[in-house]
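Undergrad: After the sequence you'll find the predicted model.
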Amino acid sequence: MARKLFVFISCLLLLFPLTGCWNRRELNELGISVGIGIDKAEKGYRVSVQVVNPGEVTAGKTSGNRTPITLYEATGDTIFEAIRKITTISPRVIYLAHLRVLVIGESLAREGIEKPLDHFSRDHEVRTDFFIVIAKGSTAKDVLKVLTPIEKIPANKLYLSLETSQKVWAPTATVTLDELMTDIISEGKSPVLSAVKVTGGVEGQSQKNVEKIDPSGRLKYTGLAVFREDKLIGWLNEKESKGYSYIRDKVRNTVGTLVCPEGGKIGVEVTRSKTQVTGKMNNGKPQINIEIRMEENIGEVECQIDLTKRKTIEDLEKSAEQKVAAIMLGTIHKVQKSFKVDIFGFGEEIHRVDPTAWKTLKQNWDEQFTHLDINVKADVQIRRIGTVSNSFHKKEEE
Amino acid sequence: MTSNVKISVRQFTVIVMFYTIGTTILVIPSSLAADADQDAWIAAILGWVLGLLIVGFYIRLGRLFPNMTLIEYNEKVFGKWLGKKISLFFIFFSFICAATVLYYLGNFMTTQVMPETPIESFTILFAGIVVMGLRLGLEVVARTAEILFPWFLLLFIVSTLFLIPEIEIQNIQPVFEFGIKPIMNGALTFASTASLPLVILLLVFPAFVNHPKDAGKAYFIGTLLGGLFVIIITFLSISILGADLSERNMYPSYALAKKIDVGNFIQRVEILIAGIWFMTIFFKTTIYSFSFLTGLAQIFGFRDYRPFALPYGMILVVYSLVVYPDVVYMMDFDSTIWIPYALTIGLLLPLIILSVGSLRKKIKK
């Protein structure tokens, strides 16, 4: 009996050391950072961190006169040091596991992004599910300072905007840390990141910005940033970026315009798109064949065209095929001429099909890439024409 | 003293399986990718076949002296003095391995999960459970293995299924880019981390198994299954993370588990997946410790090893803290010293024992 009692009491006593975790960090001790911006400083880096102001994002309890997020910044010789230094101005330790976007300022990106990224791959708190974007024409800090409507947390807005536009519009690229690192290391594919632009200058930085129906300060994605190894070398505009998305088979849904035979425009929605890039060695020369199959629906007709005839649809399909091929080739030519880096991963494709040839090719692959033999084949099917057949434009004319 | 402890054939299978998976599952994709890049999974398969051959050899050795442990027949083969000395090599190997495995666990926790918690708190807690298992005896440990097996299977299958959508087959192409040599190197790495330590099970097999005849089969099947799980993890790691990231990551399997994201809903579950290796590491440490203690008892003629379990646990914790002074030493040790060491203990010595043993038997006849 005494023994049983002893066991029972010692079991109870043993519960005490089990109550807490050594590393426990309560939610109210964490500064949950959702966005991080890195800029060049005179010495080292300037890191700006967008931290959630918890009281202002809880539903129903907001006071309304404080911003939902706050921005801390610090400079340091290393990213790690700068982030820790932030505790001198922030009451809480920066917690990185909920990071949504990492913004890199243009001037730093031009010098190379490899070094500052190491900390993010090494730190145990950081996951790899956030997107990395480049601040076009501004510092990363400016991007993180803009308040946004609908999404209270601007970093969330940046994340969702990028995700959604990739899904239904295409000329953006959602790149996560591990993809970016793989691209930087790879000899047959140069990295590409989405570019984000601040419009409206300093007006976006105050609470007033979101009190307006038409906020003056906004964050907008504009095409892609092209890198050689880890250095930013130029930008692709929206159309060229779309070509990039087509080639990399990243298009899930987008909207395009076709020209009617007798002038006027037709808006089409791409509902399905599948690109296959195959490489082969042709007489010792690398060759890339791009095959794209698309399904489209007609979404808008602004010209006189008889949609009830098979022939019209076939003609439209042909012009759509030419159009998409032209978009892709346009992007390729631009990149071949102005940037001379393989952002499409053609080199990796050659590497996959002919590893022995790749060994010699990779030594000057970027040079090879500029005069690479590329064939594009497109196959477009127009499946549906919407809820009406012929447009009412025609009736008006008669 | 050995005759009264018996575990069933099925329990032995599960123990061999857990033992094979052990810490291998945590680190092998990384070291295989370092050797064979995108062909790491082929290296894993080759290493697995190599491992099966090695186990086949162990089974032969075990069959030569049924109802005896390695320590006992060492004495029979080489005589009392030399035999005991050779046995010391084996139990010393057990002890070092137990300490390194414990360090692996502590290091994993402090690197990935709770960096501010001192490593001692993990190793002491973990060693506590191991000592408990040792005091309760092999039968209890074996039954635990049997009970935990379905949980292990559930976690493994669920995580594999969740990871399948993330596979990108381009990551494993081109196949055989660097030829067969790096793959052979990888296979050797695989065999030395996953299969050669299986020699320690000769201290359990076949003496402690209730049907020594079927035990050989169990030994084989356990290795077969365990290797299969490790191959799957290696393949997933290469095809999802890519060869380069697999190599760069200290714990690719954990990085892999972080990738799980089903509909933005089932995510951040990596620590549940880590449960897989908490189980396997527990069994690996316990078996190493068990073989060390029973071996020690047999060499010095103690009747029972149990009184030594607690002091052993204390020494183990302290030794695990100093066995690798730092992480870089660990990586260096594992890639350079470990392979020849494992080959000596796991292949060379058993080969000598087998040849001398069968020679003696023939002479007797």
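TA: Received the coordinates, thanks. Numbers count the residues shown, from 1 in each chain, chains lettered A, B, ... in the order given.
Undergrad: hey, let's count contacts and neighbours off CA atoms from now on
TA: Fine.
Undergrad: residues in contact with the residue in the stretch 101-250 of chain B that chain A sits nearest to?
TA: Closest residue of the stretch 101-250 of chain B to chain A, Cα to the nearest Cα: B:Pro174 (4.4 Å). With contact taken as Cα atoms under 8 Å, 6 or more residues apart in numbering or on different chains, B:Pro174 is in contact with A:His351, A:Arg352, A:Val353, A:Asp354, A:Pro355, B:Gln38.
Undergrad: rerun at 7 Å
TA: A:His351, A:Arg352, A:Val353, A:Pro355 (Cα atoms under 7 Å, 6 or more residues apart in numbering or on different chains).
Undergrad: which bits of the stretch 251-398 of chain A sit near chain B?
TA: For the stretch 251-398 of chain A, the residues in contact with chain B (Cα under 7 Å from any Cα of the partner chain) are A:His351, A:Arg352, A:Val353, A:Pro355.
Undergrad: Among the residues you listed, which one has the most neighbours?
TA: A:His351 (23 neighbours; other Cα atoms under 10 Å in any protein chain shown).
Undergrad: What is the neighbour count of B:Trp277?
TA: Going by other Cα under 10 Å, the residues that sit close to B:Trp277 add up to 21.
Undergrad: residues of stretch B:61-74 that come out buried?
TA: B:Leu61, B:Gly62, B:Arg63, B:Phe65, B:Asn67, B:Met68, B:Thr69, B:Leu70, B:Ile71, B:Glu72, B:Tyr73, B:Asn74 (16 or more other Cα atoms under 10 Å in any protein chain shown).
Undergrad: Next, A:Asp379: phi, psi?
TA: phi -130, psi 110 (degrees, to the nearest 10).
Undergrad: Give the pairing partners of the least confident helix or strand in chain B by mean pLDDT; include direction for each.
TA: In chain B, the helix or strand scored least confidently by mean pLDDT, DSSP states H and E is strand B:266-267, which has a mean of 80. Paired neighbours of strand B:266-267 in the sheet (DSSP bridges): strand B:261-262 (antiparallel).
Undergrad: can you tell me the average pLDDT over the partner strand?
TA: In this model, strand B:261-262 has a mean pLDDT of 82.
Undergrad: how many other residues sit next to the nearest residue to B:Tyr58 once chain neighbours are set aside?
TA: Nearest non-adjacent residue to B:Tyr58, counting by Cα to Cα, 6 or more residues apart in numbering or on different chains: B:Val199, 6.9 Å away. Using other Cα under 10 Å, B:Val199 has 24 other residues around it.
Undergrad: Where do the helices of the stretch 201-350 of chain A begin and end?
TA: A:238-247, A:310-334, A:346-353 (DSSP state H, counting those that start in this stretch).
Undergrad: near chain A, anything from the helix or strand that the least confident helix or strand of chain B is followed by?
TA: Sequence-wise, the next helix or strand downstream of strand B:266-267 (DSSP states H and E) is helix B:270-300. No - contact between helix B:270-300 and chain A is absent, the nearest approach being 11.2 Å (criterion: Cα under 7 Å from any Cα).
Undergrad: What lies in contact with the next helix or strand after helix B:270-300?
TA: Counting by DSSP H and E, the next helix or strand C-terminal to helix B:270-300 is helix B:309-323. By Cα under 7 Å, 6+ apart, the residues outside helix B:309-323 that reach it are B:Ala99, B:Thr100, B:Leu102, B:Tyr103, B:Thr123, B:Ile124, B:Ala127, B:Val131, B:Leu134, B:Arg135.
Undergrad: Ok, stretch B:239-250 next?
TA: B:29-31, B:33-34, B:37-38, B:166-169, B:171-172, B:237-238, B:252.
Undergrad: Out of those, give me the one that has the most neighbours.
TA: B:Pro29 leads the contacts of stretch B:239-250 on contacts (other Cα under 10 Å) with 33 neighbours.
Undergrad: and it, what is it in contact with?
TA: B:Pro29 sits next to B:Thr234, B:Ser237, B:Ser246, B:Pro252 when contact means Cα under 7 Å, 6+ apart.
Undergrad: Likewise for A:Ile290?
TA: A:Thr275, A:Gln276, A:Val277, A:Thr278, A:Asn375, A:Val376, A:Lys377.
Undergrad: got a pLDDT number for residue 305?
TA: Picked chain A for this. Looking at A:Ile305, its pLDDT is 83.
Undergrad: that's the other chain; I wanted chain B
TA: Reported pLDDT for B:Tyr305: 89.
Undergrad: For B:Gly275, see how far away it is.
TA: 30 Å (Cα to Cα, to the nearest Å).
Undergrad: more crowded one of those two?
TA: Shown here are B:Tyr305 and B:Gly275; by other Cα under 10 Å, B:Tyr305 has more neighbours (20 against 15).
Undergrad: isn't that one right up against B:Ala297?
TA: Yes - counting by Cα atoms under 7 Å, B:Ala297 is a contact partner of B:Tyr305 at 5.6 Å.
Undergrad: ok, back up a step: go through the residues of the stretch 251-398 of chain A next to chain B and name the one nearest chain B.
TA: A:Arg352 (4.4 Å).
Undergrad: Assign the residue nearest the centre of chain A to helix, strand or coil.
TA: Closest residue to the average C-alpha location of chain A: A:Thr174 at 2.8 Å, with Cα atoms, centre = their mean. Following DSSP: H, G, I helix; E, B strand; the rest coil, the label given to A:Thr174 is coil.
Undergrad: mind listing what it touches?
TA: When the contact criterion is Cα under 7 Å, 6+ apart, the partners of A:Thr174 are A:Phe131, A:Leu162, A:Glu163.
Undergrad: likewise A:Pro116?
TA: A:Ile79.
Undergrad: got the residue ranges for the strands in the stretch 101-250 of chain A?
TA: With strands called from DSSP state E, counting those that start in this stretch, the stretch 101-250 of chain A shows them at A:101-105, A:131-135, A:192-199, A:218-228, A:231-236.
Undergrad: Residues of the stretch 51-200 of chain A that sit close to chain B?
TA: So the stretch 51-200 of chain A meets chain B at A:His124 (Cα under 7 Å from any Cα).
Undergrad: which ones are touching whatever residue of the stretch 51-200 of chain A ends up closest to chain B?
TA: Closest to chain B within the stretch 51-200 of chain A is A:His124: 5.4 Å, counting by Cα to the nearest Cα. Neighbouring residues of A:His124 by Cα under 7 Å, 6+ apart: B:Thr111, B:Gln112.
Undergrad: Swap in 8 Å and give it another go.
TA: A:His124 touches B:Thr111, B:Gln112, B:Val113, counting by Cα under 8 Å, 6+ apart.
Undergrad: Got a quick ChimeraX command for the buried subset of those?
TA: Buried residues within the contacts of A:His124, by 16+ other Cα under 10 Å, are selected in ChimeraX with:
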select /B:111,112
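Undergrad: filter the contacts of A:His124 down to the ones close to chain A.
TA: Among the contacts of A:His124, the residues lying close to chain A (Cα under 8 Å from any Cα of the partner chain) are B:Thr111, B:Gln112, B:Val113.
Undergrad: Mean pLDDT for the helices of the stretch 201-350 of chain A - can I get that in JSON lines?
TA: Formatted as JSON lines, these follow (pLDDT from 0 to 100):
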{"stretch": "helix A:238-247", "mean pLDDT": "92"}
{"stretch": "helix A:310-334", "mean pLDDT": "91"}
{"stretch": "helix A:346-353", "mean pLDDT": "88"}
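Undergrad: If anything else comes up later, I'll come back, but that's it for now.
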